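K.L.:
Below are the sequence and a predicted model; questions follow.
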Amino acid sequence: MNLVGELHDLLLSSTNTVVFTGAGVSTASGIRDFRGKHGIYNDTFHGYRVEELFGIELFNADPSLFYSWARDFVYDLTAFQPCTVHNVLARLERAGLVNAVITQNIDRLHTLAGSRNVLEVHGSPSLHHCQRCGAEATYEAIAPRVHAGEVPMCPCGGVFKPDIVFYGENLPQTTFSAAVSACQQADLMLVLGSSLTVFPAAALPEEAYRCGARVVIVNDSPTSLDRRAILKLEDLTDTFTQLCDLLKGRLP
Ligand SMILES: [Zn+2]
């Protein structure tokens, strides 16, 4: 049997499959990797590396830098559509074959594809909060203001910040706890498109392994869990296209 056939059998024999996704699942949607050699973080903007724009201190000192950079990416996410992997994962969940998707991505594509139990451990721009009074605003309310060149301000005079986890901030506690718990209960953990280098999020698949889950990795470069994985595949789109064929009839 080929490797995708083995993945198919593992999926059908597991009772609690949890998926962990990184930037690699979104590159097929046209979203560039953040941390790779040619990743978004290495771009420069007004003399700063983009990675620095995601620092909370710089954001608080001058939010216009972040918002003028983010206008054409974070606030233009509707330009990107879910790809095969997002779509198949959503169908697997509807078929009862996947229980939760934990993602490091902030692009909302799992939700757009139809996944329901999505745990965004690095946050997302779906909501924004005022840095002064805590008032909430949606992506849909903020995006047009960013496109108009504004730094979105709250009526109280504070600045709205997207609920993306910036450097110097803690991970969202409730979401992270839910992710840890999902990992502890999983009997199958699929690690997709992540090289597992960004902690603490990358420790989640390790926690699943520690608690007895079988681990499958689909990533085009080595990961720290490769040696513990029961299966390692490389090409995400290929794997999920074949998997979808094998599951034909079972998927909604
Ligand atoms: Zn406010």
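P.N.:
Here it is on my side, so go on.
K.L.:
Would you map the strands across the stretch 151-252 of the chain?
P.N.:
With strands called from DSSP state E, counting those that start in this stretch, the stretch 151-252 of the chain shows them at 160-164, 188-192, 214-218, 231-233.
K.L.:
Quick check: which ranges of the stretch 1-150 of the chain have low pLDDT?
P.N.:
1 (pLDDT under 70).
K.L.:
The ion contacts on that one?
P.N.:
Taking C-beta under 5 Å from the ion as the measure of proximity, the stretch 1-150 of the chain contacts the ion at 130, 132-133, 135. Placement of C-beta: from N, CA and C, glycine included.
K.L.:
Now that we have those residues, which of them are buried?
P.N.:
Among those, those scoring as buried are Cys130 (criterion: 16 or more other C-beta atoms under 10 Å).
K.L.:
Out of the residues of the stretch 1-150 of the chain next to the ion, name the ones that lie in strands.
P.N.:
Counting by DSSP state E, these place Cys130 in strands.
K.L.:
picking that back up, let me have the strands of the stretch 151-252 of the chain in a markdown table, extended by distance to Cys244.
P.N.:
Converted to a markdown table, the strands of the stretch 151-252 of the chain look like this (distance: least, C-beta to C-beta, whole Å):
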| stretch | distance to Cys244 |
| --- | --- |
| strand 160-164 | 31 |
| strand 188-192 | 14 |
| strand 214-218 | 14 |
| strand 231-233 | 14 |
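K.L.:
now those strands as JSON lines including distance to the ion, mean pLDDT and mean neighbour count?
P.N.:
As requested, those are exported to JSON lines (distance: least, C-beta to the ion, whole Å; pLDDT from 0 to 100; neighbours: other C-beta atoms under 10 Å):
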{"stretch": "strand 160-164", "distance to the ion": "8", "mean pLDDT": "98", "mean neighbour count": "21"}
{"stretch": "strand 188-192", "distance to the ion": "38", "mean pLDDT": "98", "mean neighbour count": "26"}
{"stretch": "strand 214-218", "distance to the ion": "43", "mean pLDDT": "98", "mean neighbour count": "24"}
{"stretch": "strand 231-233", "distance to the ion": "47", "mean pLDDT": "97", "mean neighbour count": "18"}
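K.L.:
Among these, which comes closest to Ala28?
P.N.:
strand 188-192 (11.3 Å; C-beta to C-beta).
K.L.:
mind listing what the closest one pairs with, with the direction of each?
P.N.:
Pairing partners of strand 188-192, with direction, according to DSSP bridges: strand 17-21 (parallel), strand 214-218 (parallel).
K.L.:
which other helices and strands contact the helix or strand that comes right after the first one?
P.N.:
Scanning the chain past strand 17-21 towards its C-terminal end, the next helix or strand to appear is helix 24-27 (assignment: DSSP states H and E). Judged by 3 or more C-beta pairs under 8 Å, 6 or more residues apart in numbering; DSSP states H and E, helix 24-27 is in contact with helix 84-94.
K.L.:
just checking, what packs against the helix it packs on?
P.N.:
strand 17-21, helix 24-27, helix 109-113, helix 236-246.
K.L.:
angle of it against strand 17-21?
P.N.:
Interaxial angle of helix 84-94 relative to strand 17-21 (axes from the mean of the first three to the mean of the last three C-alpha atoms, to 10 degrees): 160 degrees.
K.L.:
List the pairing partners of whatever helix or strand comes next after helix 84-94 within its sheet, with orientation.
P.N.:
Counting by DSSP H and E, the next helix or strand C-terminal to helix 84-94 is strand 100-103. Paired neighbours of strand 100-103 in the sheet (DSSP bridges): strand 17-21 (parallel), strand 118-120 (parallel).
K.L.:
Not counting its own residues, what contacts the shortest one?
P.N.:
Yep, that's strand 118-120 we're talking about. Contact partners of strand 118-120, identified using C-beta atoms under 8 Å, 6 or more residues apart in numbering, comprise 100-103, 105-106, 110-111, 172, 175, 178-179, 182.
K.L.:
which residue ranges form the helices in the stretch 51-200 of the chain?
P.N.:
56-61, 63-70, 84-94, 109-113, 139-147, 173-185 (DSSP state H, counting those that start in this stretch).
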